[in-house]
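> kindly return the folded structure for what I paste below:
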Amino acid sequence: MREFLRAVVREAAQMPLPPSQATANLAVQAMISEGIPYITLETYHILRRPQAYHIANTVLQDLHVLQRGKYLLRWRRRLMDYTFSREDALILSYASFGVDLLASRLGVDVVVTTDIVMKERWEIEFDQIKKRFNRMTCQLKTPYRSATLPPVLTPSEVLVSLIG
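This next block holds a predicted model:
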């Protein structure tokens, strides 16, 4: 979201976009057109701050805000055992246990990030994370039992999957 908002600012100033911002911009626009953009509650609060609101206002109405599901913080603590930062663990936890109350939806289909370190750590540790996730979710009640671990992709990977 950070690179996308930087792209919005640069476009408004009629400045050329660096490749990372151009890709993030295209990815978010493609996700909006597909109706699948979610942000965390914490990101929403940051975007509502006065210094960011004039920029974020153009896209906020197109974003769905995930609320914290029942097991989100527990899963975040467990992800931190894999040396994810608090912020990265929280984002990954929202992906599985974030709740869209309006759509009655649990989790998301994909996590989009420009944080290559987080993505690489997710891929390296995925088998162990999946085992631990499955041990946890098999003990939960519905709907949390059906939670999933979505893939973590870069904006360019999202563009490839959405546009082809």
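> now what about stretch 83-96, what contacts it?
Residues outside stretch 83-96 that contact it (C-beta atoms under 8 Å, 6 or more residues apart in numbering): 38, 40, 42, 66, 68, 72-73, 75-77, 79-80, 106-108, 111, 113, 115, 118, 121-122, 133, 147-150, 152. No exception for glycine: its C-beta is placed from N, CA and C like everyone else's.
> tell me which of those residues fall in strands.
Residues of those located in strands (DSSP state E): 38, 40, 66, 68, 106, 111, 152.
> now distance to F126 too, for those residues, in a markdown table please.
Putting the ones in strands among the contacts of stretch 83-96 into a markdown table (distance: C-beta to C-beta, whole Å) gives the following:
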| residue | distance to F126 |
| --- | --- |
| Y38 | 21 |
| T40 | 21 |
| L66 | 22 |
| R68 | 23 |
| L106 | 20 |
| V111 | 12 |
| V152 | 9 |
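> list the buried ones in whichever strand or helix holds E87?
Counting by DSSP states H and E, the element that carries E87 is helix 86-97. Across helix 86-97, burial judged by 16 or more other C-beta atoms under 10 Å covers 88-97.
> closest one to L159 out of those residues, please.
When the buried residues of helix 86-97 are compared for distance to L159 (C-beta to C-beta), A95 wins out at 19.1 Å.
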